[in-house]
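In: Predicted model, plus sequence, below.
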Amino acid sequence: MITENEKAKQFISKLLINPSLGDLTALQKEEQIIQFLHINGNKLYPTLSSSAFFPGRNLSEVNKILLTSLFQITDAQLIPELRTIIYEKLNYSFFSFMGAGNLNEEGIRFQLFKFLEKMVKRPIIRRSLTGPHRAITSGLPGKYLSPVFDRRKYVLFELTKVQRLKMAQSDMQDLISLSMLLKPAVHLMEAPGKANGRASNSSMVQTHYIQKMTEGLKIELSMVPETVILSGINSNLSFQDNKHIEATARVASLFSSMGVNYRPSMKVDRGAVSADSSWFNISRKNFRFNGFDKDMLSELYNISVENGW
Amino acid sequence: MKMVKQFLETLVMVAITLVIVFTFVEDLAAYLVWDWNIRKILLYVGFGFDIFFTVEFLIRYFSSIARGDTGEYLVHRRGWVDFIASVPLLLFNSGPSVYFLLSGAAFAGGVGVLNILKVIKAVRVARILRMLRVLKIFRSIKSIDSVMTQRHMTRIISTVVVSIIGIMFAGSIFFSSTFFSSPAMRRNEETPEKIAQFIDNRGEKEADEIMDLVKIHSDILLIKYSSRTLYSRYTDKQYKEDFGPGDFHYVQSGDTDVFFDLRFENAMNALPGMLLLLTIVFSVIVLMFVYSPHFAMTISDPVFVMLKGMRDENYNLEVEIPSRYGNDDIFKLSRLYNDKYLTLKAREDEDNSDRESIIKLEDLNDLLGDL
């Protein structure tokens, strides 16, 4: 006899084969399906409560069953991807520049992966991870850091002179990627179940909360330098209120936000500006609202225009 | 049934393309004075095309009567083009030509008949109107894939083509000997009559003078006096093989019949027809490939992007504003869309947990049907 979980997985699998989800990451697909179920839950309920699915269950129970299955399906793809990022894509040699002693790379990888595995169990963190995950898998840091290094303007100045990162471009890329992965950790202290798995309000958090968070993370991620943790956690702060936050945190904040709806293979219609340029230009106008660094946005916008991205 | 309809539509499109090429070749044949046997084949081919399009028009016309939308078909779906480019051509141009050819009757006559023929020939330009039907082919061009662009382009091209053809048609009637002829035209028309009178006045007695006249006027083919042949430029076999209806005409004066060669005059008359066709074809091509991308870039594309951005919550691309057209109203609107609408939309997206998913309930029709 087919279990409720199997029925739910069948239903979710059918939703996932929708062609419009084709080029999305596992977390982006998950977000779209959660949104779909949220908007259409009442219309779907008569069908989903029929004998073919979950008879006798109320809407809330049906949603819970579906979300559990959805997370299981997503995790089957997401967890191996995170493992690949942590174990294969990222190089941690830059830790030595940031005050770390002897590097135990295996230990660092293990600690980071376990931490991420723990984080993604929380729906609100999954939503916050959608952008960073997309940005990293799409190679956004590498894509933009190369021209940033070539241009040697504001962004590079902020990274090398203000933040004093004397490291290679690839190390900088890894630092920004890791900062993005640590960014959602800011929600670890929130009550479980908040936001019900849906996209949350992205308003920036307060400084005192960040300090409290960082203290906790320093213990949990003992092998990760504090400056790296701060870069990740501070990327949740508004640059408008905190003019001294790290350049890597500001870049991580931008790319994480950009990654939320990022679709690299999106067809740009005739008469429309390319996706990257549109995003940077709109974000420039909303820089106060989103707490972004406007000068950084302007430079990245110029890069996207110059390269036709 | 749908496949048969698709096949027939494709067949009509191919026929329209071929008939435009054919119209040019037919004029070219007259201009280059091709062998009559080739021109005879072209005459039959033209007749075949006219029958095909007349039948097509009648089918569409009676179908529209059956559907009760005859007015819509004739006016808005260009049924009038189907009519003008088929029935009059069959009745007044290719039909009579083929009839005379098959019945063996001579298609020659005096000056009056010649003038009528010229007017009838003007009807042929209506074939070019079929260009308007070929516009459907251009729908596959990327720049004109929007319905609005297609409608505008069709309207512009229709106006240009109909204006050119209308002027040519009305002009060929108005600037004829019937209404408003020039002294040169009158002289050309009077010359054969004067020649016939000249020969008739001299008769058989002054054969030498007539021979001199024949040497000067190389268009004189045959002179008959009291039904006896005084002079013939070619043999009967050559007349049969090289001359078709419309290639000659005759003038009678007293007991004298004089036959004149019209092939060279026809060749000169074919030139404006060819130039007209080329003018129209190139105007259409230029409009399609030069103006339509401009129309798309400056009108339909910005509208499409703005509409999509307003309809689709997940679509946030800005409208591209070309600097040289920045002051156009459409781009002023686009600027507002980029600067105000998209900015506010992005803020709303941040706050709105109820925003739409890219999956639509309609996408699940099959799935919900299965349940």
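Out: Cool, got the structure.
In: ok now do residue A:145, which residues does it touch?
Out: Taking C-beta atoms under 8 Å, 6 or more residues apart in numbering or on different chains as the definition of contact, the neighbours of residue A:145 are A:169, A:172, A:173, A:176. Any C-beta I mention is one placed from the backbone N, CA and C, and that applies to glycine too.
In: Most neighbours of all the residues you listed, which one?
Out: Highest neighbour count within the contacts of residue A:145: residue A:176, with 30 neighbours (other C-beta atoms under 10 Å in any protein chain shown).
In: Format the contacts of residue A:145 as a markdown table; extra columns: secondary structure, pLDDT and distance to chain B.
Out: What follows is the contacts of residue A:145, written out as a markdown table (DSSP: H, G, I helix; E, B strand; the rest coil; pLDDT from 0 to 100; distance: C-beta to the nearest C-beta, whole Å):
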| residue | secondary structure | pLDDT | distance to chain B |
| --- | --- | --- | --- |
| A:169 | helix | 93 | 29 |
| A:172 | helix | 94 | 28 |
| A:173 | helix | 95 | 26 |
| A:176 | helix | 96 | 22 |
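In: Return the closest of those with respect to residue A:75.
Out: Checking the contacts of residue A:145 against residue A:75 by C-beta to C-beta gives residue A:176 as the nearest, at 25.2 Å.
In: what sits against the residue nearest to that closest one when sequence neighbours are not counted?
Out: Taking C-beta to C-beta, 6 or more residues apart in numbering or on different chains as the measure, residue A:176 lies nearest to residue A:141, with 4.5 Å between them; neighbours along the chain are not counted. Taking C-beta under 8 Å, 6+ apart, we find residue A:141 in contact with A:135, A:172, A:173, A:176, A:177, A:180, A:251, A:255.
In: next structured bit after the helix or strand bottoming out on mean pLDDT in chain B?
Out: In chain B, the helix or strand scored least confidently by mean pLDDT, DSSP states H and E is helix B:111-122, which has a mean of 56. Beyond helix B:111-122 on the C-terminal side, the first helix or strand identified by DSSP states H and E is helix B:131-134.
In: and after that next one, which helix or strand comes next?
Out: Helix B:131-134 is succeeded, C-terminally, by helix B:147-174 (DSSP H and E).
In: Show me how far that next one is from its chain's centre.
Out: Relative to the centre of its chain, helix B:147-174 is centred 10 Å away, using C-alpha atoms, centre = their mean, to the nearest Å.
In: quick check: mean pLDDT across it?
Out: Taken as a whole, helix B:147-174 has a mean pLDDT of 85.
In: Just list what the next helix or strand after it packs against, helices and strands only.
Out: Beyond helix B:147-174 on the C-terminal side, the first helix or strand identified by DSSP H and E is helix B:183-202. For helix B:183-202, the helices and strands in contact under the criterion 3 or more C-beta pairs under 8 Å, 6 or more residues apart in numbering or on different chains; DSSP states H and E are helix B:111-122, helix B:207-216, strand B:220-225, strand B:248-253, strand B:256-261.
In: and those, which is most packed in?
Out: With neighbours taken as mean count of other C-beta atoms under 10 Å in any protein chain shown, those reach their highest mean count in strand B:256-261, at a mean of 22.
In: okay, now the domains of chain B?
Out: B:2-180+B:267-295, B:183-218+B:220-261, B:316-370 (automatic domain parsing).
In: To residue A:33, which of those lies closest?
Out: domain B:316-370 (6.9 Å).
In: Low-confidence stretches in the stretch 151-300 of chain A?
Out: Counting by pLDDT under 70, the stretch 151-300 of chain A contains low-confidence ranges at A:191-205.
In: Near the residue in chain A positioned nearest to chain B, how many residues? Count them for me, please.
Out: Closest residue of chain A to chain B, C-beta to the nearest C-beta: residue A:271 (2.6 Å). By other C-beta under 10 Å, the residues close to residue A:271 number 23.
In: my guess is it contacts residue B:308, does it?
Out: No. In this structure residue A:271 lies outside contact range of residue B:308 using C-beta atoms under 8 Å: 10.0 Å.
In: Taking the centroid of the chain, which residue is nearest it?
Out: Looking at chain A here, since you left the chain open. Taking C-alpha atoms, centre = their mean as the criterion, residue A:132 is the residue nearest the geometric centre of chain A, at 2.4 Å.
In: ah, no, chain B please
Out: Residue closest to the average C-alpha location in chain B (C-alpha atoms, centre = their mean): residue B:128, at 0.1 Å.
In: Helix or strand for the residue nearest to that one when sequence neighbours are not counted, just tell me which one.
Out: The shortest distance from residue B:128 to any residue other than its chain neighbours is 5.2 Å, reached at residue B:280 (C-beta to C-beta, 6+ apart). Using DSSP H and E, residue B:280 sits within helix B:263-286.
In: in that helix, what's buried?
Out: B:263, B:265-267, B:269-270, B:273-274, B:276-277, B:279-281, B:284 (16 or more other C-beta atoms under 10 Å in any protein chain shown).
In: what distance separates it from the centre of its chain?
Out: With C-alpha atoms, centre = their mean, you get 11 Å for helix B:263-286.
In: okay, and for chain B, where does confidence drop off?
Out: Low-confidence segments of chain B, defined by pLDDT under 70, span residues B:104-125, B:134-145, B:351-354, B:365-371.
In: still on that earlier bit, enumerate every residue touching the residue nearest to the centre of chain B.
Out: For residue B:128, the contacting residues are B:20, B:23, B:161, B:165, B:276, B:277, B:280, taking C-beta under 8 Å, 6+ apart as the criterion.
In: and it, how far is that from residue A:70?
Out: Relative to residue A:70, residue B:128 is positioned 63 Å away (C-beta to C-beta, to the nearest Å).
In: Hmm, residue B:177 is touching residue B:188, no?
Out: No. Under the criterion of C-beta under 8 Å, residue B:177 is not in contact with residue B:188, lying 9.3 Å apart.
In: Of the helices and strands packed on helix B:183-202, which is nearest chain A?
Out: Relative to chain A, the nearest member of these by C-beta to the nearest C-beta is helix B:111-122, separated by 42.7 Å.
In: quick revisit: export the contacts of residue A:145 to TSV and tack on distance to residue B:43?
Out: Formatted as TSV, the contacts of residue A:145 follow (distance: C-beta to C-beta, whole Å):
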residue	distance to residue B:43
A:169	77
A:172	80
A:173	77
A:176	79
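In: of all these, which comes closest to residue A:15?
Out: residue A:176 (33.2 Å).
In: So what touches stretch B:61-72?
Out: Under C-beta under 8 Å, 6+ apart, the answer for stretch B:61-72 is B:73, B:74, B:79, B:82, B:83.
In: does the nearest residue to the second one once chain neighbours are set aside belong to a helix or a strand, and which?
Out: Read that as residue B:74. Leaving aside its sequence neighbours, residue B:74 sits nearest to residue B:80 (C-beta to C-beta, 6+ apart; 5.5 Å). Under the criterion DSSP H and E, the helix or strand holding residue B:80 is helix B:79-84.
In: what's the next secondary structure element after that helix?
Out: Next in sequence after helix B:79-84, counting helices and strands by DSSP H and E, comes helix B:87-89.
In: I'd like to know which elements that next one is packed against.
Out: Helix B:87-89 sits against helix B:36-67, with contacts defined as 3+ C-beta pairs under 8 Å, 6+ apart.
In: Could you check how many residues crowd around residue A:133?
Out: Other residues within reach of residue A:133, judged by other C-beta under 10 Å, total 27.
In: Report the contact partners of it.
Out: A:25, A:27, A:78, A:81, A:82, A:259.
In: and those near chain B, which?
Out: Contacts with chain B within these, counted by C-beta under 8 Å from any C-beta of the partner chain: none were found.
In: so where do the strands sit in chain A?
Out: With DSSP state E as the definition, chain A shows no strands.
In: from the stretch 201-350 of chain B, which residue is nearest to chain A?
Out: Among the residues of the stretch 201-350 of chain B, residue B:301 lies nearest to chain A; the distance is 2.6 Å by C-beta to the nearest C-beta.
In: give me every residue that touches that residue.
Out: Applying C-beta under 8 Å, 6+ apart to residue B:301 gives the contacts A:269, A:270, A:271, A:272.
In: Give me the residues contacting the helix holding residue B:80.
Out: B:53, B:56-57, B:60-61, B:64, B:70, B:73-74, B:126, B:129-130, B:132-133.
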